[in-house]
Structure formats: structure tokens, C-alpha cells
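Undergrad: I would like the atomic coordinates for the input below:
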Amino acid sequence: MDVYGLLGNPVGHSLSPPMHEAAYDELGLDARYVTFEPDRDAIDAAIDGAEALGVAGLNVTIPFKRDVLDRVAADDLARRIGAVNTIDFGGETPTGHNTDAAGALRALRDHDVAIDGADAVVVGAGGAGRAISFGLADAGATVAIANRTESTAHDLAAEVPGATGHGLDSLATLLADADVAINATSVGMEEDATPIPAEALHGDLVVMDAVYRPLETRLLRDAAAVGATSVDGAWMLLYQGVEAVELWTGLDAPVDAMNAALRSRL
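TA: Numbers count the residues shown, from 1 in each chain. Below you'll find the model as predicted:
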């Protein structure tokens, strides 16, 4: 039996186990997906232990995504993003990857969004914002990054090819001619709030929210009210999991089965 899992602290809230096990069932694999919650100062021992026990692959979440970067052979994208969220133990050396960027891109493409040549606005310059910004730029989009602390947006924009950095007060101007707007912050998770003013939205936008609890955030309600295309946060969560399954197994992931398992728990 192959063992895969999630490494984080805390991990009790995670929706990854049912989503991944739905994939293994659909593919007929003898595999399980479990959670590991090491102490925050025990990440080195956790990686060594997983490798020694023959764990086939791990997803990595808060607070370990940056800590793992130098414990594995991270690929170029993960190094540029500055975080690893997936480890593959299938080779001689554990390899590190970041599937958040691909998850966001596949979520958009699932909704027939053309990324190459698009003007995209990413709100937030934290971990999700970094991954999404690099992914969009690599796929041919022009990226504007808006953040509450404007200097942080400028710092990230200096790393992302062709990107520009802005404060949140520039959103109305940035969105006027934009094709895609993505909330990569946690705003909307704990309260009925949005980082993007409703009056800045318009019907030609595709609006994606990385927040998936709740599925229908205030931002997405505002987007629907002006006729914009809405992409909820569960799509990005789904496709980063799909990317991990395909990386670990070399098989096409059963997207429909994984999506059904995920959404049944939201």
C-alpha cells in the first residue's frame, strides 16, 4: 500500500484526505492519505521520518511551506515562489514542487479563461499571491499586484516577470481594463468582507477568490451582481490536489470524483 499525506500544524480542518482518497478509489490504487502534525520545530525529523518509512508523497501546508524548501530538491518554480507544498519521494532524492500556481491556472482554464495575453490583477502578496502571480506571468499574462502594504507589492513585482506593484487604492484604475481579478488574501473567510470595492467590478471580468470557506464570498456575490464570471476558491484547491495526484502517480487524476468529494464537505 502506498501512503501519501499532509504535513502541517494544524491539519485537523483539512479537506485533502477525502479528496485524495476519492482519487485513489476511482483509479483503483491501493493507497491511503493521512495527516501528520509534527511540532513546529520538528520539520527536519518529520521529513527524515517520512522518507525512512517509505511515504510516497506529502502535501505541505502552514507553517512548513518555506521550511521545507531547503530540505528537498525543489524545482525552479517552487524556488522562485519561495515555498514547497508538494514533496515526491519517488526518486533517489525527495523533490519539492509548488502546485498552487498550476492549481490557479487550471481553475481559470476550467472556466474557459484565456490566460496568455490577459491583463490580470492579483490582490495580495503573501504565499498564495506569490504563487498565482508567478503562474500567471509564466503563462503569458500581464500581472498587476495590489497589496495593503504597497512596498510588499513592489517587492514581489520586482521578482515576477513584467509585473507591477500597487496599493489597494489603485484597484479601481487597475480593474477598469483588466480581464482577470483574483483575491489571494484571506479577506472574506472570517467576515462578510471583500478586498475589492464592488464599484470597481464590471461584467467583462473573470473574478476568482482563493477563499473557499464560504464558497460564495461577498466578492463573488458582488461579481455576479455585475455579470462577471465567478470562480470560487474550491476550484483552486481542487486543481492543486489534482496536480499532486498526477505528479505522484503519473496518471490522469479523476477530476470529477475529486471535485464531488471536496464539495460534499463544503
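Undergrad: helices along the stretch 1-150 of the chain, start to end?
TA: In the stretch 1-150 of the chain, the helices defined using DSSP state H, counting those that start in this stretch lie at 16-27, 43-52, 76-81, 100-110, 127-138, 150-159.
Undergrad: make JSON lines out of the ones you listed and add mean neighbour count.
TA: In short, each C-beta sits where N, CA and C put it, glycine included. JSON lines is the format used below for the helices of the stretch 1-150 of the chain (neighbours: other CB atoms under 10 Å):
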{"stretch": "helix 16-27", "mean neighbour count": "20"}
{"stretch": "helix 43-52", "mean neighbour count": "16"}
{"stretch": "helix 76-81", "mean neighbour count": "19"}
{"stretch": "helix 100-110", "mean neighbour count": "23"}
{"stretch": "helix 127-138", "mean neighbour count": "25"}
{"stretch": "helix 150-159", "mean neighbour count": "17"}
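Undergrad: any idea which of those gets closest to residue 211?
TA: The minimum distance between residue 211 and the helices of the stretch 1-150 of the chain falls on helix 127-138, with 9.7 Å, by CB to CB.
Undergrad: helices or strands up against the closest one?
TA: In this structure, helix 127-138 makes packing contacts with helix 76-81, helix 100-110, strand 119-123, strand 142-147, helix 150-159, judged by 3 or more CB pairs under 8 Å, 6 or more residues apart in numbering; DSSP states H and E.
Undergrad: which one of the helices of the stretch 1-150 of the chain lies closest to residue 206?
TA: Proximity to residue 206 (CB to CB) singles out helix 100-110 among those, at 6.8 Å.
Undergrad: how far out from the middle of the chain is that closest one?
TA: Distance of helix 100-110 from the chain centroid (CA atoms, centre = their mean, to the nearest Å) equals 8 Å.
Undergrad: average model confidence for it?
TA: Averaged across helix 100-110, pLDDT comes to 97.
Undergrad: pull out the buried residues from stretch 159-172.
TA: Applying a neighbour-count criterion of 16 or more other CB atoms under 10 Å, one finds 160, 163, 164, 165, 166, 168, 170, 171 buried in stretch 159-172.
Undergrad: how long is it from one end to the other?
TA: 24 Å (CA to CA, to the nearest Å).
Undergrad: the helices and strands packed on helix 127-138: which one's closest to residue 247?
TA: helix 100-110 (9.6 Å).
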